[in-house]
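[1] Quick one, structure for this:
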Amino acid sequence: MALRFEVDFPPPFRTGMSTVHRENHMSTPPTSASIQTVAVELGTAPIHLEVSDWAPQTDAAVLARQRESVVLATVVAATDGEDRGFVPLTVDYRERLSAVGRVPGGYLRRELRASDREVRIARVIDRAIRPRLDPSHRGEISVAITVYSADPATDLTALALTAAAAACSRASLAFAGPIVGVRLVIDEAGSASVLDRWDQLHQANHEWLLAWSGDGVVMLEGGGAELAPEAATKALASVIPMLDASLAALQPFTGAQALIPTRLPEPPAGAVLEHLDAAFAAGTKAERHALWAKAKEAAGDPADFDAMVAADTRRRIAAGGRFGGRGHAEVRAVSAEVGLFPSGHGSALFRRGLTHALGTATLGGSEEVLEHDTLFGKKRERVMLHYNFPPSAVGEARPHRGPGRRELGHGRLAWRGLRAVLPRDKELSWSVRVTSDVLSSDGSSSMATVSAGCLALMDAGAPVARHVAGVSVGLVRAHGNEHILVDISADEDHYGDMDFKLAASDVGLTAIQLDVVSAGLSLELFTRTLAAAATGAASVRQTQAQVLAERRPELSPNAPQVIEMTIPRSMVGTVIGQGGKAIHDLQSRTKTKIDIRDNGVVRILGKRAEDVRRARAMIEAKTFDLKINTTYLATVSRKKDYGAFVRIGAHEALVHVSELETRLADVGEGQKLRVMVLGADKQGRVQLSERAGRATADEAVIDPDAIGA
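    Predicted structure coming up:
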């Protein structure tokens, strides 16, 4: 089949599209290779990039420094290899504990497998640089980034991304650069600034990791508290001058390379076109793929058939069409069910077209938080989300090897989407685990996870503030026009130029992820896409609200019951006891778990409500304040010649012999006396009277030992 050259109508070139080629006219390093160092101003500290001779057998090695952080990025690129249908790029990111002067734990005392965080960072870098590589490259490309020195005032992810992109530009690759990576912290009004210290990240209203190129946003990922779309647009607009200045500074070091022009096959005709017509109108994914198979057979099984389908699909979308006859702004049919499992805490099955996600919510105790190690110490998270994508979700017959990069990345995105509508860790009484099992996938299963997870949490009675839903938006560029598609299917994602995921509540967006396949997104196009995504997410939330308007008023009877109370700070030690003996005994007697903080806040968690109430009553009995003119049943703890010392809960005081109704000789340890609180003397010592207590009616006497017994 003959190929014709066309630049104005570029199809995408992502994984699985081996036959969509771009002319490789850049097989040598940039002409600026003589430039060995550069300084880029970003925030309050510049980034210094330098060509390194530390790894002389690589294609390129770049050292990136910011403050006391030092990162080495290397690229090794094979010149040829077999056609596997995608650019064979591998990105690895590792943090050495020696970077902060620490020895690894464990028996071997060395770093072993990459942590989930390192895997997610590697995936983010991959997403930023992959679209800028020549898709016709068939040799293995290995990008490795290692952190050798770490400063807590540096965002290592942004530094590593910038270093990796610079190294790709220096290697013998066709790479459209330069790219600068930056992490932004955004307030609720849309004012954005470069992250300056890690503690800012925990205090920020919203944060983004952004990869910026000369043609706009290449990659974006972030989230936080609910942010209005107008504020998000304002935030991006405010940093563009700074990002453009950074690119100008990088250009002498990396060179400026344009995206490689596209070559497309001749348009289909005859029987091939008839099958493609039927495939585009097909109502299901299975029917469409079966018709494509017939079209491929009719075309003589050409090697570039996928490119033909890509061009044909994009032409039809540009003309206003869409798979199955949907409108460009139309969301597929949405439905949901809740309360599926009698023994769980909360559950929901969410369906959007052929994408089905089964969400479960489980509430646990404070000791069941997620704890993981980072360069700068341990981090604890009360809210967890685990995303599972088995091969059966796309009809593949192969074993499931556990979570990979995709599962970890999509799970973190969905976690961001839900985290914003739950209380902060210090205000959350439980640990919360949301699990999403993708039962069927036809695009945007991570956003289906947001909806399924939200409904499952509400079904469990967890403190979810409001509904949050997600939607994925695509883009087709054709003949100078941009066509935005809301709620893209897997095939539309495959043949499109962008995957823009947005999770949002009625208040604002909670999570965002953007990947482009061709040129980056301009501010104007970002604004349009954001508005389309927000409208699509709103329509999904309407269906969710019809299924379950708000969280259930009571916790699931299977969920741990929690009561929070406050005791005087001076009583914390009394409740805990010497060596924790008192608190352990209380937990054992009541079958609960009790968390006491230094400020006097007590959280009691148990499987049964009556156990939790009993534990609370027993703590109250130990810690309550004595009230004047109130009568208590006190226990004699010891006797002296001048009176008897008695205990009322955690309080001990003297009943002077002059205030005893019982003869002192007849008083013994463990005996119960009815005593009234008269007040306190000048030294603050409690004054008690058995004589006054004896005159009190029986129903007015408080027995602290009987409370919660």
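
[2] Which residue ranges of the stretch 501-650 of the chain form strands?
    Counting by DSSP state E, counting those that start in this stretch, the stretch 501-650 of the chain has strands at residues 509-516, 561-566, 592-596, 601-606, 631-640, 643-648.

[3] Direction included, what does the first one pair against?
    Right, the one you point to is strand 509-516. Using DSSP bridges, strand 509-516 pairs in its sheet with strand 216-227 (antiparallel), strand 498-505 (antiparallel).

[4] From the contact counts, what lies against the strand or helix carrying Glu407?
    Assigning secondary structure by DSSP states H and E places Glu407 in helix 405-419. Using 3 or more C-beta pairs under 8 Å, 6 or more residues apart in numbering; DSSP states H and E, the elements in contact with helix 405-419 are helix 116-129, strand 216-227, strand 383-388, strand 431-440, helix 445-460, strand 468-478, strand 498-505, strand 509-516. Heads up, the C-betas are built off the backbone N, CA and C, glycines and all.

[5] buried ones in that helix?
    For helix 405-419, burial by neighbour count (16 or more other C-beta atoms under 10 Å) applies to 407-419.

[6] what do you get for stretch 386-394?
    For stretch 386-394, by 16+ other C-beta under 10 Å, it's His386, Tyr387, Asn388, Phe389, Pro390, Ala393.

[7] Report the contact partners of the fifth one.
    Just to be clear, that refers to Pro390. His400, Asp437, Val438 (C-beta atoms under 8 Å, 6 or more residues apart in numbering).

[8] Switch those residues over to a markdown table; also include neighbour count.
    Below are those laid out as a markdown table (neighbours: other C-beta atoms under 10 Å):
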| residue | neighbour count |
| --- | --- |
| His400 | 13 |
| Asp437 | 18 |
| Val438 | 23 |
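
[9] Paired strands for the helix or strand hosting Ser193, with orientation please.
    In this structure, Ser193 sits in strand 192-194 according to DSSP H and E. Applying DSSP bridges to the sheet, strand 192-194 is found paired with strand 180-186 (antiparallel).

[10] which residues touch the partner strand?
    40, 42-43, 128, 155, 157-162, 165, 192-195, 200-201, 204-212, 222, 224, 227, 231-232, 235, 239, 243, 246-247, 250.

[11] the inter-axis angle of that strand versus helix 116-129?
    Per axes from the mean of the first three to the mean of the last three C-alpha atoms, to 10 degrees, the angle that strand 180-186 makes with helix 116-129 is 120 degrees.

[12] coming back round to it: selection in ChimeraX covering whichever of the contacts of strand 180-186 are buried, please.
    In ChimeraX, a selection of the buried entries from the contacts of strand 180-186 looks like this (16+ other C-beta under 10 Å):
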select :40,42,43,128,155,157,158,159,160,161,162,165,192,193,194,195,200,204,205,206,207,208,209,210,211,212,222,224,227,231,232,235,239,243,246,247,250
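
[13] Show me the contacts of strand 180-186 that map onto strands.
    40, 192-194, 206-212, 222, 224, 227 (DSSP state E).

[14] just checking, Leu349 touches Thr360?
    No: using C-beta atoms under 8 Å, Leu349 makes no contact with Thr360, being 10.1 Å away.

[15] More neighbours: which of these two?
    Shown here are Leu349 and Thr360; by other C-beta atoms under 10 Å, Thr360 has more neighbours (23 against 18).

[16] Three-state assignment for that one, please.
    strand (DSSP: H, G, I helix; E, B strand; the rest coil).

[17] Now for it: which residues touch it?
    Per C-beta under 8 Å, 6+ apart, neighbours of Thr360: Phe341, Gly344, His345, Gly346, Ser347, Val434, Thr435, Ala456.

[18] Apply 7 Å and report the result again.
    Gly344, Gly346, Ser347, Thr435, Ala456 (C-beta atoms under 7 Å, 6 or more residues apart in numbering).
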